[in-house]
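Student: With the sequence up front, the predicted model follows.
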Amino acid sequence: MCGTTREEDARAAIAAGVDGLGFIFVAASPRQVTPDQAAKLIETLPPFIARVGVFRDADEEEIKYLVDYCGLTQVQLHGNETPAFCRRLRSWRRGLSVSKAVRIGPAAELVDFQAFHDAVDSIMLDTYVRGAAGGTGRSFDWSVVPSLGISRPIILAGGLHAGNVVAAIEAVRPYAIDINSGVEAAPGRKDHALLHQLVTTVRRLEQFAGALRSSENSTDPPV
Ligand SMILES: O=C(O)c1ccccc1N[C@@H]1O[C@H](COP(=O)(O)O)[C@@H](O)[C@H]1O
């Protein structure tokens, strides 16, 4: 879950079952947190929860500083960061997970996904909206994803909410999803009921898919 600004939202997200929390360091965002806010929130988190810093065309040294200062385990890059930039961050700190966000839409950014193959740990797909870096609450045409030739794990983002998340997962089959404005009462203030509803929906789908896989793999003879 991205756009964490309050401790009660972090607690609710973890109780609902999210695997990671995102902290936005983008000045234009209504969900922006200061380094001190992020560090304090991160201090309260239990083990095994990913701590993700969200940046847009930030200075490399600033990102490195915030990784250490806040204890980030992952960075999510929403600007024009190049493969070389991503590669440098990834090799700077072994274990730091680097995700490049790419916006998809009618005027989609032209991206050579192969050039990012050995530069990032995952590709985040978000919706292209002119003039916006992210957090638009808008989804894109998921059917284009297979034609993009992405060879890294896909994190699907962009306007996901309890009402469309199953269709989104079925269409894209992503490694993970990122939720943000679809679980908010207002920018930066998560709605705990919406959050619970969305995460429960995803977990149910996972269990269902797991049950299907295990029945397909069953070696029991038919009765
Ligand atoms: O949420 C923001 O304000 C934001 C600002 C700048 C860069 C990224 C931002 N959020 C990311 O946008 C996607 C999609 O969000 P939504 O579900 O459409 O609201 C998500 O990855 C957020 O991490």
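Tutor: Arrived safely, thanks for sending.
Student: would Gln76 count as being in a helix?
Tutor: No - Gln76 is assigned strand when assessed by DSSP: H, G, I helix; E, B strand; the rest coil, not a helix.
Student: Do I have it right that it meets Leu125?
Tutor: No - Gln76 lies out of contact with Leu125 (CB atoms under 8 Å); the separation is 12.0 Å. Placement of C-beta: from N, CA and C, glycine included.
Student: what's the overlap in contacts for those two?
Tutor: Residues touching both Gln76 and Leu125 (CB atoms under 8 Å, 6 or more residues apart in numbering): Ala101.
Student: These two - which one has more neighbours?
Tutor: The neighbour count for Gln76 versus Leu125, taken as other CB atoms under 10 Å, is higher for Gln76 (27 against 22).
Student: what bridges to that one?
Tutor: Listed beta-bridge partners, Gln76: Val54, Ser99 (assigned using DSSP bridges).
Student: Is the ligand within reach of the helix or strand of the chain with the lowest mean pLDDT?
Tutor: Lowest on mean pLDDT, DSSP states H and E among the helices and strands of the chain sits helix 192-216, with a mean of 84. No - Helix 192-216 lies apart from the ligand when judged by CB under 6 Å from any ligand atom; the minimum separation is 10.7 Å.
Student: Show me how far that helix is from its chain's centre.
Tutor: 18 Å (CA atoms, centre = their mean, to the nearest Å).
Student: list the buried ones in that helix?
Tutor: For helix 192-216, a neighbour-count test (16 or more other CB atoms under 10 Å) marks 192, 194-199, 201-202 as buried.
Student: any chance of those in JSON lines, with distance to Ala16 too?
Tutor: Shown next, in JSON lines, are the buried residues of helix 192-216 (distance: CB to CB, whole Å):
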{"residue": "His192", "distance to Ala16": "8"}
{"residue": "Leu194", "distance to Ala16": "10"}
{"residue": "Leu195", "distance to Ala16": "5"}
{"residue": "His196", "distance to Ala16": "5"}
{"residue": "Gln197", "distance to Ala16": "9"}
{"residue": "Leu198", "distance to Ala16": "8"}
{"residue": "Val199", "distance to Ala16": "4"}
{"residue": "Thr201", "distance to Ala16": "11"}
{"residue": "Val202", "distance to Ala16": "10"}
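Student: Fine by me, we can end here.
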